[in-house]
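Undergrad: starting from these lines, generate the structure:
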Amino acid sequence: VQFVESGGGSVRPGGSLRLSCAVSGFIFSNYIMSWYRQAPGKERERVATIDVAGRSIAYLDSVKGRFTISRDDAKNTLYLQMSSLKPEDTAVYYCNCPLGAYGSLFDSWGQGTQVTVSS
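TA: Numbering: from 1, shown residues only. Okay, the predicted model is just below:
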């Protein structure tokens with residue numbers, strides 16, 4: 001199983017970014033997928049989840065209306081469109097398959113992609 005996240009960067013508050021996660025090692029189209037993030041000194045949290053039909057299932061309350069999760073099964077790629085970014089969105093962002101309320105199906109994680117929101 002391999003996850004390769006990309007698309008992060010440094011932006012000012014109110015800016016936008018689109019993250020990508022290229023997946024390999026399992027049949028991507030068969031799995032519910034999630035984005036997670038981990039800010040310095042904090043636990044990793046699940047940000048958004050999408051089902052196998054491409055319908056978003058859940059968003060962290062703090063990102064609702066600002067973030068949109070999507071997937072392209074033909075490309076084995078998961079996306080996260082982030083807009084109206086806030087300093088509190090600063091974190092390393094990862095993708096994985098969700099398990100339970102907070103966990104992840106796979107123990108292996110990608111390197112993540114750093115998002116920094118600062119004026």
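
Undergrad: tally of neighbours for Gly41?
TA: Using other C-beta atoms under 10 Å, Gly41 has 5 other residues around it. C-beta here means a position set from N, CA and C on the backbone, and glycine is covered the same way.

Undergrad: so it is in which element?
TA: In this structure, Gly41 is located outside every helix and strand according to DSSP states H and E.

Undergrad: would you check that Asp72 makes contact with Tyr79?
TA: Yes - judged on C-beta atoms under 8 Å, Asp72 makes contact with Tyr79 at a distance of 7.3 Å.

Undergrad: more crowded one of these two?
TA: Between Asp72 and Tyr79, Tyr79 has the larger neighbour count (other C-beta under 10 Å), namely 19 against 13.

Undergrad: any idea how far Ala91 is from the more buried one?
TA: 17 Å (C-beta to C-beta, to the nearest Å).

Undergrad: cool, and Pro98?
TA: Distance check for Pro98 against Ala91: by C-beta to C-beta, it reads 17 Å.

Undergrad: burial measure for the residue lying closest to Val117 once chain neighbours are set aside, as a count.
TA: Taking C-beta to C-beta, 6 or more residues apart in numbering, and ignoring the residues beside it in sequence, Val117 has Leu85 as its nearest neighbour in space, at 4.6 Å. Taking other C-beta under 10 Å as the criterion, the count of residues near Leu85 is 22.

Undergrad: which residues does the spatially most central residue of the chain contact?
TA: When C-alpha atoms, centre = their mean is applied to the chain, the residue found nearest the centroid is Trp35 (2.5 Å). Contacts here follow C-beta atoms under 8 Å, 6 or more residues apart in numbering; on that basis Trp35 touches 19, 21, 46-49, 69, 78, 80, 93-95.
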